[in-house]
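Model the following, please.
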Amino acid sequence: MFNSMLDNDLYKFSMQNALFKLGYSGVPVEYKFNCREPKIDFTPFIKDFNDRLNELYALKFTKEDLDYLKEIRHLPDDYIGLLKHFRFDDDYVRANYDHKTGGMDLRIVGPWFNTILFETPLLYIISETYSEAQKGSIDVAREKLMIGINGIPIDFRFADFGTRRRHSSEWQEEVVNILLSNAGKQFVGTSNLFLARKYNLTPIGTMAHEWLQAHQQLKYKVEDSQKMALENWIRVYRGDLGIALSDVINTDAFLEDFEDPFLYKLFDGVREDSEPNPIKFGHRIINFYRNHKIDPKTKSIVFSNGLDFPKAYKIHYEMHNLINASFGIGTKLMNNWDYIPLNIVIKMVSCNGKPVAKISNSPGKGMCESPEFVSYLKLVYRVK
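Numbers count the residues shown, from 1 in each chain. Okay, here's the model as predicted:
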């Protein structure tokens, strides 16, 4: 761990500021950890996990941290002033272990403002603790990285999205240094604020699924929730951070809501995070803009679904002359060692005491604790 409050992803701060501005700081929410890899025994890592959690609870924002955040133009002074007093509070984290199966029930429960920054640190604590026990080879990781960036297309653009599932903070920093030395202008930034500050990189991050999920149980009708989440984003950021997340329900539901010119004109583009066929998705978005008399080359798609360099290059060659395509590479960049890394997430499962859901374009990436609410959401959005 970098032992810094900035060792976190920008989109968590972007959403925290937005919910503060909209008056949702005190809304009660709950997040749940999910390991998509079956039969992982977490019990051998309990002590190390708890020790690292205690390090997290001891952190606070320094003056240098806050001064850096003030340089990010979409984060206002009144919000940053609140962070001066922000702490990670262990009252909001609940972890239970099944010693028979090795499973872990990890939840974050509390006011939205107080809990939103937990996700990324908790995930990388789990990922680092597990990864270090695998005794992988750093030489293999270095070789795989260099093979990946060998022959990188000159107009290819990608960012580091790998903080959550990294092998370690040391490896993430080494990768950033290798990319700075070998990937040139193709490497455009990182989601990690600590590394962005240290290496004068562009911090990258807009909204995550929880932003749209929470709106399912705020003051809006469920059928209006996705559209209101996007409109509220515009209310706060006035055109900044203009990449809309397209797969909380699925692409069909997103594009139906995105038909409003207020949205498709003001947002700079969309992010794809669960399409089984990203190239097909890209052509669909291109045709959407063309059908609305907008030149796709003035818009963007950020691809971020389980990418490695070969997959990203394939999408790039298909898309780069048609739309501004860029790529967020995560696990395959920051945990590319000679073992299978954990496929782990923390997602919001309730807001205001009621269930929320992510359905997505890939069934394995959906998450909700209420089958009844999922059925209702699918009915409302006409999901087949």
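
And for Lys70, the neighbour number?
13 (other C-beta atoms under 10 Å). Just so you know, the C-beta spots here come from the backbone N, C-alpha and C atoms, and that holds for glycine as well.

Now do the contacts for it.
By C-beta atoms under 8 Å, 6 or more residues apart in numbering, Lys70 lies in contact with Asp77, Ile80.

Now do it against Val236, distance only.
17 Å (C-beta to C-beta, to the nearest Å).

Glu318 now?
Glu318 is 34 Å from Val236, by C-beta to C-beta.

neighbour count winner among these two?
Using other C-beta under 10 Å, the more surrounded residue of Glu318 and Val236 is Val236, with 18 against 15.

Confirm for me that the more buried one is in contact with Gly23.
No: if you go by C-beta atoms under 8 Å, Val236 and Gly23 don't touch, sitting 11.3 Å apart.

So for Arg235, what's the pLDDT?
With respect to pLDDT, Arg235 scores 97.

Now it. Nearest residue, chain neighbours left out?
Of all residues beyond its chain neighbours, the one nearest Arg235 is Leu22 (7.4 Å), with distances taken as C-beta to C-beta, 6 or more residues apart in numbering.

can you check Ile46 too?
For Ile46, the spatially nearest residue (C-beta to C-beta, 6+ apart) is Tyr97, at 6.2 Å.

again, but for Gly189
Once flanking residues are discounted, Gly189 sits nearest to Thr202: 3.5 Å by C-beta to C-beta, 6+ apart.

ok, which stretches of the stretch 151-300 of the chain are strands?
158-160, 187-190, 243-245, 269-272, 300-303 (DSSP state E, counting those that start in this stretch).

Does Ser191 touch Asp160 like I think?
Yes: taking contacts as C-beta under 8 Å, Ser191 lies within contact range of Asp160: 6.4 Å.

Quickly list what's touching both of the two.
Shared contacts of Ser191 and Asp160, defined by C-beta under 8 Å, 6+ apart, are found at Gly328.

What is the burial count for the residue nearest to Gly189?
Thr202: 12 neighbours (other C-beta under 10 Å).

So it sits against Val188, correct?
Yes: Thr202 is in contact with Val188 according to C-beta under 8 Å; the separation is 6.2 Å.

Helices of the stretch 201-350 of the chain, start to end?
Assigned helices in the stretch 201-350 of the chain, in chain order: 209-214, 225-237, 251-257, 261-266, 278-291, 309-319, 331-334 (criterion: DSSP state H, counting those that start in this stretch).

Turn those helices into TSV, including distance to Ile152.
What follows is those, written out as TSV (distance: least, C-beta to C-beta, whole Å):
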stretch	distance to Ile152
helix 209-214	29
helix 225-237	31
helix 251-257	29
helix 261-266	31
helix 278-291	19
helix 309-319	8
helix 331-334	13
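
nearest to Ile138, of the ones you listed?
helix 331-334 (12.8 Å; C-beta to C-beta).

And for that closest one, what's in contact with it?
With C-beta under 8 Å, 6+ apart, helix 331-334 has contacts from 145, 148, 160-163, 165-167, 171-172, 175, 306-309, 341, 343.
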